[in-house]
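I'd like to go over a predicted model; first the sequence, then the structure.
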Amino acid sequence: MSDNFKIVAQFVKDISSETPNIETYFYVREFLKNYSLNINITSAPLKNRMIEINTQLTYLDKGSPKNKSHFEITYTSVVQIAESIKEKKVIEKIVLCDVQKEIYPKLEKIFTNLLSDSGYPGVKFEKKIDFEQLYSQRLN
């Protein structure tokens, strides 16, 4: 936990696994290596110095095969920002980096369980997301 913020709630807002038919299922099992993980973070201010942060993971094939499955989760965190924090840049780093580092291990576990329970066991995201690096790259 940080002195700058406190997570007051976290939950799965939306979760989806879509495989339209058996042909797609067998195709995706064979070519799951073509799928890649994407992350999108949005936020909205709430009352009492709280912010709703939605972290969305999408696992998809960026190519254009006709047989595609779609996997997506939106994980919501409600964060209260400390009274002492006034600078917009500090709040931005809390939203895009600090909260993400704290919630991501649980979010990744939920998402890999979804993939496994959807018939695609053994999916591991080999490359860990470095939120500090992503935040730094965003500033450049």
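Structure received.

after the helix ranked longest in the chain comes which helix or strand?
As assigned by DSSP state H, the longest helix anywhere in the chain is helix 99-117. The helix or strand immediately downstream of helix 99-117 is helix 131-139, counting by DSSP states H and E.

Can I get that following helix in CSV? Just the C-alpha atoms.
Presented in CSV, the C-alpha positions along helix 131-139 are these (Å, rounded to 0.1, in the frame of the first residue of the first chain):
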residue,chain,number,x,y,z
PHE,A,131,4.2,-0.5,-15.8
GLU,A,132,7.1,1.8,-14.8
GLN,A,133,8.7,1.4,-18.3
LEU,A,134,5.3,1.9,-20.1
TYR,A,135,4.7,5.0,-18.0
SER,A,136,8.2,6.4,-18.8
GLN,A,137,7.7,5.7,-22.5
ARG,A,138,4.4,7.5,-22.5
LEU,A,139,6.1,10.6,-21.2
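
got the buried residues for that helix?
For helix 131-139, the buried set under the neighbour-count rule, 16 or more other Cβ atoms under 10 Å, comprises 131, 135. The way it works is simple: take the backbone N, C-alpha and C, and place the C-beta from them, glycine included.

where does the residue nearest to residue 71 when sequence neighbours are not counted land in three-state SS?
Among residues not flanking residue 71 along the chain, residue 59 sits closest, at 4.1 Å (Cβ to Cβ, 6 or more residues apart in numbering). Following DSSP: H, G, I helix; E, B strand; the rest coil, the label given to residue 59 is strand.

returning to that earlier point: pLDDT of the longest helix of the chain, averaged?
On average, the pLDDT along helix 99-117 is 96.

So what angle separates the directions of that helix and helix 131-139?
With axes from the mean of the first three to the mean of the last three Cα atoms, to 10 degrees defining the directions, helix 99-117 sits at 110 degrees from helix 131-139.

neighbouring contacts of helix 99-117?
Contacts of helix 99-117 from elsewhere in the structure, counted by Cβ atoms under 8 Å, 6 or more residues apart in numbering, are 1, 5, 7, 10, 12, 15, 17, 41, 53, 55, 57, 59, 71, 73, 75, 77, 79, 121-125, 129, 131-132.
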